[in-house]
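Novice: sequence first, predicted model second:
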Amino acid sequence: MTSYPHITLTQREEEVARLVMKGYSAKEIAKGLGSSPRTVEQHIVNMRNRLLARDRTHMVAHLLLRGIIIATTSDL
């Protein structure tokens, strides 16, 4: 079993991650959060880099499997 370092998300990163889990694009997320799509993309890149994830799907899998985010019925 692989041991991963403990990773925490900022409140904004968690908001972005939950919206990515729902399938929203960076542009849609930015509109909903009142920020720019580029800022949202940077949050995604930062999370992917810390998790060593290949893409957004891999990032979400890591977040869920490592217990960094706990999915609830409202996330579906």
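Specialist: Nice, I can see it. These numbers come from a predicted model, not from an experiment.

Novice: now the spatially most central residue of the chain: which helix or strand?
Specialist: What sits nearest the mean C-alpha location of the chain, by Cα atoms, centre = their mean, is residue 17, with 2.6 Å. Here residue 17 sits within helix 11-21, counting by DSSP states H and E.

Novice: could you do residue 69 as well?
Specialist: Judged by DSSP H and E, residue 69 forms part of no helix or strand.

Novice: tell me how many other residues crowd it.
Specialist: 17 (other Cβ atoms under 10 Å). Backbone N, C-alpha and C define where each C-beta goes, glycine included.

Novice: residue 24 touches residue 32, doesn't it?
Specialist: Yes. Residue 24 is within contact range of residue 32, at 7.4 Å (criterion: Cβ atoms under 8 Å).

Novice: pick out whichever of those two has more residues nearby.
Specialist: A direct count of neighbours by other Cβ under 10 Å for residue 24 and residue 32 places residue 24 higher, at 16 against 12.

Novice: what is the helix ranked longest in the chain packed up against?
Specialist: Scanning the chain for the helix with the most residues, using DSSP state H, yields helix 37-51. Under the contact criterion of 3 or more Cβ pairs under 8 Å, 6 or more residues apart in numbering; DSSP states H and E, helix 37-51 touches helix 11-21, helix 26-33, helix 56-65.

Novice: CSV for these, including distance to residue 44 and mean pLDDT?
Specialist: What follows is the helices and strands packed on helix 37-51, written out as CSV (distance: least, Cβ to Cβ, whole Å; pLDDT from 0 to 100):
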stretch, distance to residue 44, mean pLDDT
helix 11-21, 7, 96
helix 26-33, 7, 98
helix 56-65, 6, 96
